[in-house]
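[1] All I have is the shape, not the residue letters:
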């Protein structure tokens, strides 16, 4: 496959895409938590929300600031803890307004979010990909100079089947698969502390074996994370077990 030229990294040391090929596995929350994990290590971090039609990042972080633009480009707003972020919802006068665009426009928006935003000196930029393997995802993976792709899945066999498509896409585009992370693996009983496999047994071991990719581990389905995300206060999330999984996965990548 002949690939188009990549954009310049513009002073960003590492760029990782977070995707799944499937909706509903929590990749945006994983992207947010990865950014928090890196930020808490003292790194300068950014998030590019490439999900143009279904953006979640501003809601999670409580971001409402309209990005400032000048002759040099767009200045991304920063979260309470200094994470820089750009998202389509920051450009809309009403966050509930739908973005009804065809594929080429979606891809163009993703390209502009990378090329026209003044990210500054970042240690790492996380790209939150939309579901699927269509135009917006293809454009992001073809034009943004990615250092790797993190695959987010959930325990169900159906999820494993669909996310393989995203992994195959990354392989076809010569993007290294840096790991597989299983999200929503269990829910902890608030009374006894036991684990409930809400979606049944995990299929991630077979998935990672087939893909020959590192398995980062599993994250629980945590009601507190959902509550903080809905309230725009995800930066207050502090589950040490969750961040231990993420920090271990990030070792060697940053």
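    Yep, it's here. Treat the numbers as computed from the prediction; the structure is a model and nothing was measured.

[2] Run through the residues that contact residue 135.
    Under the criterion of Cβ atoms under 8 Å, 6 or more residues apart in numbering, the contact partners of residue 135 comprise 103-104, 106-107. The C-beta positions use only the backbone N, C-alpha and C, and glycine is treated the same way.

[3] Apart from its neighbours in sequence, what residue is nearest residue 77?
    In space, and not counting its chain neighbours, residue 77 is closest to residue 65: 3.8 Å by Cβ to Cβ, 6 or more residues apart in numbering.

[4] Is it correct that the one you found is in contact with residue 89?
    No. With contacts defined as Cβ atoms under 8 Å, residue 65 does not count as touching residue 89, sitting 11.3 Å away.

[5] Identify the residues contacting the nearest residue to residue 183 once chain neighbours are set aside.
    The shortest distance from residue 183 to any residue other than its chain neighbours is 4.4 Å, reached at residue 26 (Cβ to Cβ, 6+ apart). Residue 26 sits next to 152, 154, 183-184, 219 when contact means Cβ under 8 Å, 6+ apart.

[6] Can I take it that residue 9 is in a helix?
    No. Under the criterion used here (DSSP: H, G, I helix; E, B strand; the rest coil), residue 9 is coil, not part of a helix.

[7] Mind checking what secondary structure the residue nearest to it when sequence neighbours are not counted has?
    Take residue 9 and drop its neighbours on the chain: the residue closest to it by Cβ to Cβ, 6+ apart is residue 145, 5.1 Å away. Reduced to three states with three-state DSSP, the structure at residue 145 is coil.

[8] Count the residues that sit near residue 145.
    By the other Cβ atoms under 10 Å criterion, the neighbourhood of residue 145 contains 15 residues.
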